[in-house]
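# missing the sequence, but the structure's below:
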C-alpha cells in the first residue's frame with residue numbers, strides 16, 4: 001500500500017502497528033484499508049482500525065470528556081475512545097474521510113490538551129455481534 005513503511009502484527013495481542021507516511025496516505029484512509037482487509041479467520045470476523053494517540057494530562061473523566069468532544073467535532077471522525085489510565089485516545093474514522101493526524105492534534109490543542117503520535121496506527125478485531133475483542137483503547 002502506498003505510504004506504508006512497515007507493519008508489525010501481534011496476533012496474541014490482537015494489535016498491529018503500522019509506520020506510514022501521512023503525506024502519502026491520510027490516517028483515516030489507512031484505518032479504512034485495515035478495516036476492509038479480509039480477516040484470516042473468515043467472514044464472521046473483521047479487522048477494525050483506529051489511530052492511537054498519547055494524551056498527556058488526560059487523567060480524569062472530565063479530561064476524557066473534553067478530549068472526546070473536541071475530536072468528535074473533526075469532520076470524518078466516527079468514534080473517540082479515551083483511556084485515562086493509559087492516557088491514550090483511540091480514534092476511528094468515517095468511511096472515505098480525509099482526516100490527518102494534524103487535524104486531531106490541533107482540535108485537542110484548542111481544547112487545552114496535547115496529543116502526540118509515534119507514527120503508528122493500532123488495529124483490533126471485531127467479531128460479528130460480539131463487539132470488540134481487544135486492542136486499541138480497550
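Received it, and whenever you're ready, just let me know what you need. These numbers were taken from a predicted model, which means no experiment stands behind them.

# list the buried residues of the helix or strand harbouring residue 34.
Residue 34 belongs to helix 27-36 when assigned by DSSP states H and E. Within helix 27-36, the residues that count as buried by 16 or more other CB atoms under 10 Å are 27-32, 34-35. (Each C-beta comes from the backbone N, C-alpha and C, glycine too.)

# ok, stretch 99-119 next?
In stretch 99-119, counting by 16+ other CB under 10 Å, buried: 99-101, 103-105, 107-108, 113, 115, 117.

# single out whichever of these has the smallest pLDDT.
Lowest model confidence among these falls on residue 117, which carries 74.

# which non-adjacent residue is nearest residue 109?
Distance criterion CB to CB, 6 or more residues apart in numbering; nearest residue to residue 109, sequence neighbours excluded, is residue 115 at 7.7 Å.

# wait, residue 32 sits on residue 49?
Yes - Residue 32 is within contact range of residue 49, at 6.7 Å (criterion: CB atoms under 8 Å).

# after the lengthiest helix in the chain, which helix or strand is next? Please name it.
Longest helix in the chain, counting residues (DSSP state H): helix 61-72. The helix or strand immediately downstream of helix 61-72 is strand 77-83, counting by DSSP H and E.

# noted, bye for now.
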